[in-house]
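Novice: Model the structure of this input:
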Amino acid sequence: MATYKALVLEQFGTSLVLKDVQTPPVTLGSALVAPLYAMIPPLLPVLLSGAFKEQLLFRTSLLNTKSPVNFIAICSSTAPLQITSNVSSIQPFPPYTPGYSCVASILSLPPDAITLQIGDLVWVDATIRSRDNPHTEIIRASLCGADPGSLTLMKSVSNEGVFIEKLPVPLEGIF
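Specialist: I've put the predicted structure just below:
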C-alpha cells in the first residue's frame with residue numbers, strides 16, 4: 001500500500017516526528033485531500049505538552065463532580081460541553097497527528113460527491129460532527145469529546161490532524 005508523510009506526536013512533551021503512514025482509502029462521504037496551508041494555533045504548545053488535560057482535570061477537581069459540570073468548551077457549538085469527573089479523553093492521546101484546519105487540494109473523491117472536483121482548493125473545517133447527531137462534535141485532533149458519542153467520534157477520527165500529506169475529510173467539512 002502507498003505511504004505518505006505525517007508529523008506525529010508520539011508522547012506528550014516530545015518533539016513531533018516525521019513518519020511514513022499508510023494512505024487511507026476513500027470511502028463514501030469522505031474525500032482525500034492534500035493539506036497545503038495549515039494554521040498553527042496558539043494553543044498548540046499546550047496541547048502537545050499534555051498540559052491542557054491536566055488544567056482541565058484540576059479545574060474539574062475544584063468543583064462538585066458528583067453531577068455533570070458545564071464548561072463552555074473551545075468548540076463551535078453553542079451548547080455547553082457536559083464533562084463529568086472522567087475527562088481523561090478530552091484531548092487525543094499520543095500517538096496522533098496534530099493540526100485541525102487547513103487549505104487543501106482535493107486528491108480523490110467518492111462517487112457520492114456531486115459538486116466538488118479533483119484539484120479544487122478547499123477549506124477543511126476543524127469541526128467534525130456525527131452524521132446522525134449534529135450535537136455530537138469534536139475539533140479535529142484537538143479538543144472536545146466528553147460525552148459518550150463525542151468520545152466515540154474522537155477515537156475514530158481525531159488522530160488524523162492536518163500536519164499530514166494526505167487527509168480523509170468528511171464531505172460536509174469541506175468548503
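
Novice: What is the three-state secondary structure of Thr152?
Specialist: helix (DSSP: H, G, I helix; E, B strand; the rest coil).

Novice: and it, what pLDDT?
Specialist: What the model reports as pLDDT for Thr152 is 79.

Novice: Could you do Leu57 as well?
Specialist: Taking Leu57 on its own, its pLDDT is 48.

Novice: can you tell me the helix or strand for the closest residue to Ile164 other than its chain neighbours?
Specialist: Spatial nearest neighbour of Ile164, chain neighbours left out: Ala6 (4.2 Å); criterion: C-beta to C-beta, 6 or more residues apart in numbering. Glycine gets a C-beta too; all of them are placed from N, C-alpha and C. Ala6 belongs to strand 3-8 when assigned by DSSP states H and E.

Novice: quick one: contacts of that strand?
Specialist: Outside strand 3-8, the residues within contact range by C-beta atoms under 8 Å, 6 or more residues apart in numbering are 16-23, 94-99, 163-166.

Novice: With stretch 108-119 instead?
Specialist: Here stretch 108-119 has contacts from 26-32, 105-107, 122, 171, 174, using C-beta under 8 Å, 6+ apart.

Novice: quick one: average pLDDT of that stretch?
Specialist: In the prediction, stretch 108-119 has an average pLDDT of 96.

Novice: In it, which residues are buried?
Specialist: Of the residues in stretch 108-119, 108-109, 113 count as buried by neighbour count, 16 or more other C-beta atoms under 10 Å.

Novice: do the same with stretch 92-107
Specialist: Buried, per 16+ other C-beta under 10 Å, within stretch 92-107: 92-93, 96-102, 104, 106-107.

Novice: among the residues you listed, which are in strands?
Specialist: 102, 104, 106-107 (DSSP state E).

Novice: For this structure, which helix or strand comes out least confident on mean pLDDT?
Specialist: strand 69-71 (a mean of 38; mean pLDDT, DSSP states H and E).
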